[in-house]
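**Q** Attaching a predicted model along with its sequence, questions to come.
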Number of protein chains: 4
Amino acid sequence: MSSATEALRDHACLIVHGPDRPGIVAAVSALVARHGGNIVSLDQYSDDPTGGDFFQRLVLHRPDLAGARAELEADLEATLAPLELSWRLTDRSVPKRMAILASTADHCLLDLLWRHRRGELPVTVPMVISNHTVAADDVASFGIRFEHVPTADVPRPEAEARILELLDGQVDFVVLARYMQILSADFLARVGVPVINIHHSFLPAFVGASPYRRAKERGVKLIGATAHYVTEDLDEGPIIEQDVVRVSHADSAADLQRRGADVERAVLSRAVLWHAEDRVIRSGNHCIVF
Amino acid sequence: MSSATEALRDHACLIVHGPDRPGIVAAVSALVARHGGNIVSLDQYSDDPTGGDFFQRLVLHRPDLAGARAELEADLEATLAPLELSWRLTDRSVPKRMAILASTADHCLLDLLWRHRRGELPVTVPMVISNHTVAADDVASFGIRFEHVPTADVPRPEAEARILELLDGQVDFVVLARYMQILSADFLARVGVPVINIHHSFLPAFVGASPYRRAKERGVKLIGATAHYVTEDLDEGPIIEQDVVRVSHADSAADLQRRGADVERAVLSRAVLWHAEDRVIRSGNHCIVF
Amino acid sequence: MSSATEALRDHACLIVHGPDRPGIVAAVSALVARHGGNIVSLDQYSDDPTGGDFFQRLVLHRPDLAGARAELEADLEATLAPLELSWRLTDRSVPKRMAILASTADHCLLDLLWRHRRGELPVTVPMVISNHTVAADDVASFGIRFEHVPTADVPRPEAEARILELLDGQVDFVVLARYMQILSADFLARVGVPVINIHHSFLPAFVGASPYRRAKERGVKLIGATAHYVTEDLDEGPIIEQDVVRVSHADSAADLQRRGADVERAVLSRAVLWHAEDRVIRSGNHCIVF
Amino acid sequence: MSSATEALRDHACLIVHGPDRPGIVAAVSALVARHGGNIVSLDQYSDDPTGGDFFQRLVLHRPDLAGARAELEADLEATLAPLELSWRLTDRSVPKRMAILASTADHCLLDLLWRHRRGELPVTVPMVISNHTVAADDVASFGIRFEHVPTADVPRPEAEARILELLDGQVDFVVLARYMQILSADFLARVGVPVINIHHSFLPAFVGASPYRRAKERGVKLIGATAHYVTEDLDEGPIIEQDVVRVSHADSAADLQRRGADVERAVLSRAVLWHAEDRVIRSGNHCIVF
């Protein structure tokens, strides 16, 4: 257990989500108090005070969290279910398991692995899967398992089946670090964990392929990147984070690609951090980010 | 009462600040609930979970707030004083009264008056005081009282006494919109309300006079502005907001001044908005901004 | 003649544009030298060194520019026409004449008028035309002519004819400061001067109506504004400038509109400045901005 | 020769710097033309049109540059020396040789090595020198020579002498990638090539040690980084590039350090790129960056 993880010992993150009504914060904070917990931080948002949705992220500290957890969860269910609120409780000292899918471009992949090694991301990385072998040595140098699942000249269902087999039960979420392959609806249904993608444009501008070339053609003055959860509708999933960088007429399409790469890795690393820290709550096609 | 103010009817903002300990959020939210209030938003921060300071901003809705206020306040005092917590409760439908002190440069002054007229700032403006008359007509065109208090060839105590006389009991805070006069410690002690200043540099860089000229001499690539509460120590008060803009070698000192003016008015308007909405809590020489 | 204009006395701006080939810079700078001019600044760009387009903006100083101008222009034509290069020479001490078309929202209109009064924009403002009267007093307080051309319950050709009549021969360019009316292809053909529009989104995201509402619906993390030349294809004209500001899930559609207004006026004022200083060269559907 | 370098074959960069006077651009561009060169790009700046300094960066293409170079240089000297202008001509297809000095923090070091491997930086890296061995394996995995020169318990002159011995004749510039050791005036005098440092604050704010801790204490809302040429006066050398990132009261000193690291590597990589492309001209304590 690293020192960073040690600092999170006996800390839990509680997410509560559902129809807003008076008294939720009071009910939840009283519940935490009666189980001997102390609220370390609390964020709360209501998209409409009358008849809207309520979102809450609460971090609590409770000595011997493991021992108290069963009772705490039973009380949460008894208290929140009648209010039609859904909830989940995660132990902050247990890092989420993240698989990375990559292709030939390595900037997002290496940035995530390097941040992980520095202790910036509260995750473990059980494996990196790529449809090319070019990153194999780099991944190995980080001491991480590398799996090659080719996609060229392979029927998509076959490649996807192999990936599902590798992921099965091993990961809590998947990151597409410029994977460049479209995943089928069937894959998304079967993978069973959230999948985060980085799209190399400021969505909804330049939905689809070749966004840098099209940005150059349209003469935009800013280019960007978008991290989002993957859904069946390509490039339409809930947005977690976006950012942009200024460009000019003098930048070639290759310049845009190079400069965009910096934005891509920055945006993706923030989205991964926030997801790993349970800061992102999906609601319809939106994300609440606390 | 404007429609914006109407939307805030029966809403109160509660600020709580003091030594952190378990159970504060639970105690406060239970208190709100037992007085029939609903928590609309809640922000909370502890600068050190063990032995640090606790800060909370809570917005609550309570039908007939005016009728319930006395009991609510009595309960707050009874509940929070034993915990050594200080608190204040403000009625969000009552705008704060803001005096503006200005000099010859009009960009910050006019930006505040224009935002006020658009309904962007929940304040009233009882008066603008200037040591020059150049802005008199503009201020009048906004329907706002203009007072001329000269400072040239006038002993500072005399000018300050006149300003104190004008402000006495009329305002809840004062904004120095590029006032360019140093206020005495005696003035600050006697004015009795917070004073916000806009400094035309990214403090602590270029403390003191002529920051744009010195920025040009140092060859910096970004210039900025800083809004802070005024204290006896010039340019050392708690920072509310800062921002910067990119410049280049090709920008003259006059260009820096022109481009800096845009940052100044943007930073000052945000600081004023946040102060007016009770989002800023001073703690020593820092500001917590929720 | 203001002191700012005085500083530009005897300065000319030369724009050269056409097919790239070796020796253009040498030919032009030799031409300037043999007419007794000194090159004050020179920007040059080629979109493809082999067979691409060449763009140049050159500022020169020539004592008694007025006296030398005819010969200079004759030499430019004799030198550049054989190279298939188009060119234009403008006297920098002669400000461009800018008409502003506005509607009910005043933030872009007032920002341009303020900047003009502060001497930030090298333009004159012969008139403001609005389809509403709400801004009449404000415009008058700047000492600028206000013309009301209603569009409600008026056939568009009739309103446009009235506007063309007002503009005829009076202006060098037109700014749509949130005018909110679509101008016909016929109007654009007949107006005979460039028309600059501010669109309240980061184009090409949210082309069309209600961009802030749609940005809210899509859950984007940045909103923006785009200044562009108006063409027949709505929201598709060459982009001059863009910028964005960060927003969050907690911002309502009204918040987006308020915060977007700040970006709109900043972006529009930069586009107007650059156009007025002859820094923008249109090429197809792109803008080169020097 | 890589394809990127291949694209720069027969391209030269010419820097001209000295007292401004009429006709310099014409003289230089005519000179390029009479040697059969084509001007690919030209940037030029004068800090004061009357009696100021003139700066020019010109990229030219000349088939068989190597064959023409001697004559070109002789003509440059003959033409520019009488005008008291200094100049330098570099072959763009020859990458500059960059040594990196590092310590324990690896973020700036690895970012430079990645970008170098991706072909983003037109440099070779003859060696990395560190006073710790922690980065040895990473550097080796890039196929780059690693030299360990300890500084703990070693007299500074001894360590510096060892570094000078390693660098002697091998490099065109040196980058301090968070080296964290102060280099003596004697070292700087003897190293004979430019030295670029990354300082972890927005200079001149927080000159000296522990800028993140002091930024936290002062309660600033933005933290930054500054890349500058190293001079005898610590943290006072000419600034090449700066940038900032927004922080809040909720960020701990460790958070500032983590978030600052991203700004540091971004700022340093831009400064290195611009230096390697001969875009930076030093003038007194300033940098002109084209």
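**A** Arrived safely, thanks for sending.

**Q** Within its sheet, name the partner strands of the helix or strand containing A:Gly18 and how each one runs.
**A** Assigned by DSSP states H and E, A:Gly18 belongs to strand A:11-19. Strand A:11-19 has the following strand partners under DSSP bridges: strand A:53-61 (antiparallel), strand A:86-91 (antiparallel).

**Q** Quick check: residues of chain A near chain B?
**A** Residues of chain A lying close to chain B (CB under 8 Å from any CB of the partner chain) are A:22-26, A:29-30, A:32-33, A:37-46, A:49, A:61. From N, CA and C alone the C-beta is placed, and that goes for glycine too.

**Q** Counting neighbours, what do you get for the residue in the stretch 151-290 of chain A that chain D sits nearest to?
**A** Relative to chain D, the nearest point of the stretch 151-290 of chain A is A:Arg258 (5.9 Å; CB to the nearest CB). When counting by other CB atoms under 10 Å in any protein chain shown, one arrives at 18 neighbours for A:Arg258.

**Q** where do the strands sit along chain A?
**A** For chain A, the strands defined by DSSP state E cover A:11-19, A:38-46, A:53-61, A:86-91, A:96-102, A:123-130, A:146-148, A:173-177, A:195-199, A:222-229, A:239-246, A:280-283, A:286-289.

**Q** which residues are contacting the third one?
**A** Read it as strand A:53-61. With CB atoms under 8 Å, 6 or more residues apart in numbering or on different chains as the test, strand A:53-61 has contacts from A:10-21, A:24-25, A:28-29, A:32, A:37-47, A:85, A:92, A:278-279, A:281, A:283, A:288, A:290, B:49.

**Q** how far out from the middle of the chain is the strand holding A:Gly18?
**A** 17 Å (CA atoms, centre = their mean, to the nearest Å).

**Q** and that strand, which residues are buried?
**A** Neighbour-count burial for strand A:11-19 flags A:11-18 (criterion: 16 or more other CB atoms under 10 Å in any protein chain shown).

**Q** The residue in the stretch 101-250 of chain A positioned nearest to chain B: what's it in contact with?
**A** Chain B sits closest to A:Arg246 of the stretch 101-250 of chain A, with a gap of 8.6 Å, by CB to the nearest CB. When contacts are counted by CB under 8 Å, 6+ apart, A:Arg246 touches A:221-222.

**Q** Now do the domain split for chain A, please.
**A** What automatic domain parsing lists as the domains of chain A is A:3-91, A:96-289.

**Q** and these as a markdown table, adding mean pLDDT?
**A** Conversion of the domains of chain A to a markdown table gives the following (pLDDT from 0 to 100):
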| stretch | mean pLDDT |
| --- | --- |
| domain A:3-91 | 91 |
| domain A:96-289 | 96 |
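
**Q** what about A:Glu6, neighbour count?
**A** 9.

**Q** Not counting its neighbours along the chain, what's nearest it?
**A** A:Ser93 (7.7 Å; CB to CB, 6 or more residues apart in numbering or on different chains).

**Q** partner residues bridging A:Val280?
**A** Bridge pairing for A:Val280 - DSSP bridges - gives A:Val289.

**Q** Can you tell me how far it is from chain C?
**A** Note on A:Val280: its distance to chain C, by CB to the nearest CB, to the nearest Å, is 10 Å.

**Q** on that earlier part again, most neighbours per residue, which of the strands of chain A?
**A** Mean neighbours per residue, mean count of other CB atoms under 10 Å in any protein chain shown, is largest over these for strand A:222-229, with a mean of 26.
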